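Mind folding the following:
(one chain, ligands or ions: 2)
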Amino acid sequence: MAKPTLPMNPTGWFQVAWSAEVGVGAVHRMHYFDREMIAWRTTSGAVTVMDAYCEHLGAHLGHGGTVDGENIVCPFHGWQWNTQGHNVCIPYEKHPNRGRRIRTYPVVERNESIYIWHDAARREPYFDVPDVFTGFDDGRTAADYHPAHPRGTLYREQLELHPQYVLENGVDFAHFTYVHKVPIVPVFTRHDFDEPVSYVDFTITFDNSVAGETSVADIHSGVNAINAGLGVAVTKSWGMIDNRTISAVTPVDDSTCDVRFTVWIGRSPKDGGAPDPERADRFAQGVIEQFEADIHIWSHQRYASPGAFSRGEYPGFTALRNWATRFYPGTENENDSPTADSAYTDAIGASRQ
Ligand code: FES
Ligand SMILES: [Fe+2]
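Ligands and ions are numbered 1, 2, ... in the order given. Below you'll find the predicted structure:
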């Protein structure tokens with residue numbers, strides 16, 4: 001294993017739990033971005049993620065803290081903190097300490113998942129987390145899929161890898177043959193790296209009955225991916241087993257990340273889905289195994305920069321790596337020049353012909 005050399009404090013959305021792990025009244029401990037944090041859910045159902053230490057005398061709220069209505073109560077002296085991190089009650093004084101605040105993080109709860117916004121410069125979120133169902137504008141909703149948690153999930157803790165490895169996979173056409181054993185090298189039909197949320201579409205088949213003579217033009221299946229920054233990628237498959245996935249990689253400290261993968265299997269057989277939960281579980285395991293094959297590589301990989309890209313690899317990797325720099329503190333916007341984008345677009349256009 002090799003400690004990633006890319007910065008471990010990128011800006012963006014990062015998954016910190018699945019919703020089911022933080023029930024009403026629960027206080028959930030976690031460690032991300034080198035900080036002790038807690039996630040807790042109020043009586044009304046809202047999730048708050050905040051630093052774990054009480055601003056009074058430093059008790060860890062994840063060890064004995066309790067939820068009371070819309071506040072969390074410290075186990076040490078009973079001070080109460082609200083969902084914005086403000087102190088709202090000192091039980092033995094007339095007034096709360098209005099000046100003290102525990103750091104909270106912007107939270108989005110979506111698709112059975114809890115995400116926080118992390119930004120070293122403490123800016124507000126400037127892009128959103130896509131919805132794995134409605135984000136593809138095809139009329140599908142969660143009702144069209146079997147629930148994912150817990151059996152459609154994979155959780156691996158503290159692997160020595162980096163969120164960018166996972167996204168580079170999306171432009172890495174050559175690995176599909178070796179890691180995923182596909183019969184035909186995928187062809188990209190969209191690379192759009194203009195904004196913090198980027199898009200990658202490709203044609204792919206896992207059907208090994210497709211012979212070597214088959215042209216990629218005859219492949220009628222593929223994957224569309226939306227990358228929301230470096231931490232979260234959502235995908236839709238079409239023309240094969242109907243599934244949606246989220247892969248999420250969240251830095252824990254300066255050398256490791258937690259990896260979460262979630263897969264939803266469609267309910268309708270006519271769309272290639274599974275008509276019952278047991279079959280859905282089996283299909284989900286098949287998709288998870290593909291992701292595990294990637295993890296096996298990533299978790300032992302040493303990041304190569306610059307990589308020895310082949311001619312065909314150069315445009316995709318360069319576009320992705322340029323796009324990724326904007327999420328690293330101190331390098332934002334350096335690679336957003338129109339010149340770089342149009343050179344890349346030209347290269348993609350040429351490679352398609
Ligand atoms: S340390 Fe939390 S109330 Fe005193
Ligand atoms: Fe892969």
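
quick one: whichever helix in the chain runs longest to chain centroid distance?
The longest helix of the chain (DSSP state H) is helix 277-298. Computed by CA atoms, centre = their mean, to the nearest Å, the chain-centroid distance of helix 277-298 equals 16 Å.

contacts for stretch 283-302?
Identification of contacts with stretch 283-302 by CB atoms under 8 Å, 6 or more residues apart in numbering yields 1-2, 148, 151-152, 154, 156, 159-161, 165-166, 169, 175, 179-180, 241, 243, 245, 247, 259, 261, 263, 265, 274. Yep, even glycine has a C-beta here, placed from its N, CA and C like the rest.

Give me the buried subset of those residues.
Those of those that meet the buried threshold are 148, 151-152, 154, 156, 159-161, 165-166, 169, 175, 180, 241, 243, 245, 247, 259, 261, 263, 265, 274, by 16 or more other CB atoms under 10 Å.

ranges for the helices of the protein?
Here the chain has its helices, by DSSP H, at 163-171, 175-179, 277-298, 314-325, 338-352.

Now the longest one: buried residues?
The neighbour-count criterion (16+ other CB under 10 Å) identifies 280, 283-284, 287-288, 290-291, 294-295, 298 as the buried residues of helix 277-298.

Just the CA atoms of that helix, as CSV, please.
Only the C-alpha atoms of helix 277-298 are listed here, as CSV (Å, rounded to 0.1, in the frame of the first residue of the first chain):
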residue,chain,number,x,y,z
PRO,A,277,-36.2,-8.7,-3.3
GLU,A,278,-34.3,-12.0,-3.3
ARG,A,279,-33.4,-11.6,-7.0
ALA,A,280,-32.7,-8.0,-6.4
ASP,A,281,-30.2,-9.0,-3.7
ARG,A,282,-28.4,-11.4,-6.1
PHE,A,283,-28.2,-8.7,-8.8
ALA,A,284,-27.0,-6.2,-6.2
GLN,A,285,-24.2,-8.6,-5.2
GLY,A,286,-23.1,-8.9,-8.8
VAL,A,287,-22.8,-5.1,-9.1
ILE,A,288,-21.0,-4.9,-5.7
GLU,A,289,-18.5,-7.6,-6.8
GLN,A,290,-17.5,-5.4,-9.8
PHE,A,291,-16.9,-2.5,-7.4
GLU,A,292,-14.9,-4.7,-5.1
ALA,A,293,-12.6,-5.6,-8.0
ASP,A,294,-11.8,-1.9,-8.4
ILE,A,295,-11.2,-1.5,-4.7
HIS,A,296,-8.7,-4.3,-4.8
ILE,A,297,-6.7,-2.3,-7.2
TRP,A,298,-7.2,1.1,-5.6
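
just to revisit the earlier point, for His63, which of the helices of the chain is the nearest?
His63 lies closest to helix 163-171 among the helices of the chain, at 29.1 Å (CB to CB).

Residue of the stretch 101-250 of the chain closest to ligand 2, please.
Asn169 (4.3 Å; CB to the ion).

Verify the contact between that residue and His175 for me.
Yes - using CB atoms under 8 Å, Asn169 is in contact with His175, at 6.7 Å.

hang on, the earlier thing: what residues are up against the residue of the stretch 101-250 of the chain closest to ligand 2?
175, 294, 298.

burial count for the closest residue to Phe176 other than its chain neighbours?
Nearest non-adjacent residue to Phe176, counting by CB to CB, 6 or more residues apart in numbering: Val182, 4.7 Å away. Here the count is done by other CB atoms under 10 Å, and Val182 has 20 residues near it.

Quickly note the distance from Val182 to Gly85.
48 Å (CB to CB, to the nearest Å).

what does Ser305 give?
Applying CB to CB to Ser305 and Gly85 gives a distance of 38 Å.

just Arg282 next, same as before
Arg282 is 44 Å from Gly85, by CB to CB.

cool, Ile288 as well?
Distance from Ile288 to Gly85, by CB to CB: 36 Å.

Give me the number of neighbouring residues for whatever residue of the stretch 101-250 of the chain ends up closest to ligand 1.
Proximity of the stretch 101-250 of the chain to ligand 1 (CB to the nearest ligand atom) peaks at Ile102, 9.8 Å away. Using other CB under 10 Å, Ile102 is surrounded by 22 other residues.

which one is it nearest to, not counting chain neighbours?
Gly85 (4.0 Å).

tell me the contacts of the one you found?
48, 50, 101-104.

Can I get stretch 241-251 in PDB? Just the C-alpha atoms.
The C-alpha trace of stretch 241-251 is given here as PDB (Å, rounded to 0.1, in the frame of the first residue of the first chain):
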ATOM      1  CA  ILE A 241     -29.800  -5.100 -15.300                       C
ATOM      2  CA  ASP A 242     -31.500  -1.900 -14.300                       C
ATOM      3  CA  ASN A 243     -29.500  -0.400 -11.500                       C
ATOM      4  CA  ARG A 244     -28.500   2.900  -9.900                       C
ATOM      5  CA  THR A 245     -25.300   3.200  -7.800                       C
ATOM      6  CA  ILE A 246     -23.600   5.700  -5.600                       C
ATOM      7  CA  SER A 247     -19.900   5.400  -4.800                       C
ATOM      8  CA  ALA A 248     -18.700   7.600  -2.100                       C
ATOM      9  CA  VAL A 249     -15.200   8.100  -0.800                       C
ATOM     10  CA  THR A 250     -14.600  10.200   2.400                       C
ATOM     11  CA  PRO A 251     -11.200  11.100   3.800                       C
END
